[in-house]
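**Student:** Okay, here's the prediction I keep looking at, along with the sequence it came from:
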Amino acid sequence: MKTIKTPLAILACLLTFQVHSQLVFDTLSTVEINKQLIIDWYEKGWNNKEYKEMIPILFAEDWTDGHPIRPDQFDGHEGMLSLVDSYYKAFPDIYFTISHLVADEKMAAVRLEVTGTHQ
């Protein structure tokens, strides 16, 4: 078993996120909302393993990965669920720490430190 620790830079386009009524952002600006969506995804979705609940909240039904290494990746919620499950299979203790987070009204960029033990 080898623990892997690596910084990751990820650019997430928030145009594909959908916000459901259960998320209340009445007092936040669009930029603050975009940052909070990213924080929620990594802290709740990944680190707390609440991704099954978070995927339909944060990702559009027609989400696509578009990563050339995974050309056969499923689209939509099923695709994101499959992607996260594959990471947990390889790294059951995967943990994301946000080191940098910047956002505007349409996009957010996040730099992560990701640790995990490969199985």
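**Tutor:** Looks like it came in fine.

**Student:** helix/strand/coil for residue 45?
**Tutor:** Assigned with DSSP: H, G, I helix; E, B strand; the rest coil, residue 45 falls in the helix class.

**Student:** Excluding covalently adjacent residues, which one is nearest to it?
**Tutor:** Leaving aside its sequence neighbours, residue 45 sits nearest to residue 54 (Cβ to Cβ, 6 or more residues apart in numbering; 3.8 Å). Just so you know, the C-beta spots here come from the backbone N, C-alpha and C atoms, and that holds for glycine as well.

**Student:** Report how many residues lie close to residue 52.
**Tutor:** 12 (other Cβ atoms under 10 Å).

**Student:** That one and residue 78 touch, don't they?
**Tutor:** No - counting by Cβ atoms under 8 Å, residue 52 sits too far from residue 78 to count as a contact (11.4 Å).

**Student:** Quick check: phi and psi at the residue nearest the centre of the chain.
**Tutor:** Closest to where the C-alpha atoms of the chain average out (Cα atoms, centre = their mean) is residue 41, at 4.7 Å. Backbone torsions of residue 41, given as degrees, to the nearest 10, read phi -60, psi -50.
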